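Student: Let me see the structure of the following:
(one chain, ligands or ions: 1)
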Amino acid sequence: MNKKNKIYPPIMNASGPKSITEEDLRDVAKSGAGAVITKSMSHCPREGNKKPRLKKRLDYEIGSLNSEGLPNLGFERYKEIIPKLKEEYDKTIIASIAAADCEHNHSLKEQYIVIAEAMEECGADRLEINISCPNIGKEPIGYDPESTFDLLNEIDSEVNIPVGVKIPPYNNMEALFYEVADALEESGIDSITTMNSEPNCMDIDLENREKVIRPHNGYGGYGGAGIYPIALAEVNRFYEYFKERGDDIKIFGVGGIKSSDQAIKHFLAGADYVQIGTSIMNKGTGILKKIWKDVEDYMEDKGYETINDLTGAVEESRGN
Ligand code: RRO
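Tutor: Model prediction:
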């Protein structure tokens, strides 16, 4: 469905760090972000997994590890916060939606739909449907092409705002990549956000010989610097796939962006927008303005007039 909404500047926080509380969201809204995205919200409020569940800086600054377990205020609370943000800041608001077992009778699909409708009603400009959380105990929907199609197609037909989806990495799953890409294309969605954290990763504290996080036997989602080459390839693979088929599905690139260099590479690989998670968590929302300024300087220097000219401009290696 064609329900366009342009975001400028095309840089924002990633759902997760700095996006749970009203204060977090105001902090992003006041920054250089072109859009504000919420932490994925569920039907019921959730406390999340037992701590320690987050290691913000892994050794050698190679990224972060988390098994947060979807802590959030529950959709009813975001329904109150979003209209305030809309009124006070001139920013696109993206509601990230997930589903998890809680004390009521809705199926996971019903939860997504109830929340999606509530978000449209309260003025969210876009949705990002999270089907890739690595930390709530079940195989993410994003690894099942049929359920992915079914869920997204239904949500897209229920709301009149653009529907995006946040997907997991498919880096070593060639056949699944094509099945999911087909499902996404056929579902009618507006955009994809690639990628969520790399699932089932681990680190050890050498001093006390303990795993650094506690839930799920110490395995969690890896984000930040080290996933950047994986994310870049995911962005590029989807970009090329959609381009070849003539699809206008927009791409939000996320994974390992620390400075303008990585942001520019995400755009060159095919991203229309970029999101930043781990670096915002570690350095604050002020980095958004700085990164975007450096991207603009690069564009001016290289003679790119708009970000559209940069998106997907990477060329094959000439072997130099
Ligand atoms: O809250 C989390 O554990 C979490 C989520 Br919902 C997600 O989508 N990705 C992630 O790395 N952590």
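Student: Check the secondary structure at the nearest residue to Y228 once chain neighbours are set aside for me.
Tutor: Spatial nearest neighbour of Y228, excluding adjacent residues (Cβ to Cβ, 6 or more residues apart in numbering): G256 at 2.6 Å. Backbone N, C-alpha and C define where each C-beta goes, glycine included. Secondary structure state of G256, per DSSP: H, G, I helix; E, B strand; the rest coil, is coil.
Student: where's I7, which helix or strand?
Tutor: Assigned by DSSP states H and E, I7 belongs to neither a helix nor a strand.
Student: which residue ranges form the helices in the stretch 201-320 of the chain?
Tutor: 228-244, 260-269, 278-283, 287-302, 307-310 (DSSP state H, counting those that start in this stretch).
Student: who touches the second one?
Tutor: Judged by Cβ atoms under 8 Å, 6 or more residues apart in numbering, the contacts made with helix 260-269 from elsewhere in the structure are 11, 228, 231-233, 235-236, 239, 253, 255-257, 274, 290-292, 294-295, 297-298, 307, 310-314.
Student: Please repeat the previous calculation with a cut-off of 6 Å.
Tutor: With Cβ atoms under 6 Å, 6 or more residues apart in numbering as the test, helix 260-269 has contacts from 228, 232, 235-236, 253, 256-257, 274, 291, 294-295, 298, 310-311, 313-314.
Student: what does the third one give?
Tutor: For helix 278-283, the external contacting residues (Cβ under 6 Å, 6+ apart) are 13, 17-18, 56, 63-64, 223-224, 258, 287.
Student: For stretch 282-295, buried residues please.
Tutor: In terms of neighbour count (16 or more other Cβ atoms under 10 Å), stretch 282-295 has its buried residues at 282, 285, 287-288, 291-292, 295.
Student: Please apply the same query to stretch 21-36.
Tutor: Burial within stretch 21-36, assessed by neighbour count using 16+ other Cβ under 10 Å, is assigned to 24-29, 31-36.
Student: again with stretch 225-237
Tutor: Using 16+ other Cβ under 10 Å as the test for burial, stretch 225-237 gives 225-228, 230-237.
Student: Do me a favour and average the pLDDT over it.
Tutor: Regarding stretch 225-237, the rounded mean pLDDT is 98.
Student: what about the strands in the stretch 1-150 of the chain?
Tutor: Ranges of strands within the stretch 1-150 of the chain are 11-13, 35-37, 54-55, 64-66, 92-97, 126-130, based on DSSP state E, counting those that start in this stretch.
Student: a markdown table for those strands, including mean pLDDT?
Tutor: Formatted as a markdown table, the strands of the stretch 1-150 of the chain follow (pLDDT from 0 to 100):
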| stretch | mean pLDDT |
| --- | --- |
| strand 11-13 | 98 |
| strand 35-37 | 98 |
| strand 54-55 | 98 |
| strand 64-66 | 98 |
| strand 92-97 | 98 |
| strand 126-130 | 98 |
